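[1] all I have is the shape, not the residue letters:
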């Protein structure tokens, strides 16, 4: 099986603390100035789940909240090698990666941490495919992708990837078909680029998928 890892940011002591707003660097501030906040858009986050109790993410779950839905496909103890134990509650209070992603996307402005999500008006759903540690296999990722489509997500986003430079992995094929059907699918291209600039991880190498990376 192909084991897929969550994509984390660099942990390099030589990387300085940010001194300028990333919203200014990326032009998000200009989009916000036009009143574009993601309102009315449904975004499914396929990751470690979300700590929806966080005040910047609405401190709640369900209708009328920022995190309106989701599903835990695996349970806390899943590590990519054992049997998943699904749970209808996608709360994550052990890994944090999906909560980080949710904050980048949708953190409410005016919170005590002085941060704002890119699309803070959007409604989020948490599809948990990672336990507290370890990795995930393609079958679980595919199940989450299909559920996101069934539940009408406008965007599906996955900050994860496996070591597979080809587009024929099962998760890449499914992501490609979902993207071709009109759902926006954004997936990390990789984590460090150690395998070369043309080696995109799976399922981020899917056809018509928006594969996201950065360079320094």
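    Great, that's in hand. Please read all numbers here as calculations on a predicted model, not as lab measurements. Residues are numbered from 1 along each chain as shown.

[2] now residue 143: which helix or strand?
    Residue 143 belongs to helix 138-150 when assigned by DSSP states H and E.

[3] what backbone torsions are found at residue 128?
    phi -90, psi 120 (degrees, to the nearest 10).

[4] how about it: what's its closest non-neighbour residue?
    Among residues not flanking residue 128 along the chain, residue 49 sits closest, at 3.5 Å (C-beta to C-beta, 6 or more residues apart in numbering). Heads up, the C-betas are built off the backbone N, CA and C, glycines and all.

[5] try residue 152
    Excluding the flanking residues, the one nearest residue 152 by C-beta to C-beta, 6+ apart is residue 42, at 6.3 Å.

[6] what does that neighbour show for phi and psi?
    phi -110, psi 120.

[7] now do residue 67
    According to degrees, to the nearest 10, residue 67 has phi -90, psi 100.

[8] show me what it is bridged to.
    residue 124 (DSSP bridges).

[9] contact partners for it?
    Contact partners of residue 67, counting by C-beta atoms under 8 Å, 6 or more residues apart in numbering, are 50, 52, 57, 58, 60, 61, 102, 124, 125, 126.

[10] can you check residue 59 too?
    Residue 59 neighbours (C-beta under 8 Å, 6+ apart): 52, 53.

[11] what about it, distance to residue 69?
    Per C-beta to C-beta, to the nearest Å, residue 59 is found 16 Å from residue 69.
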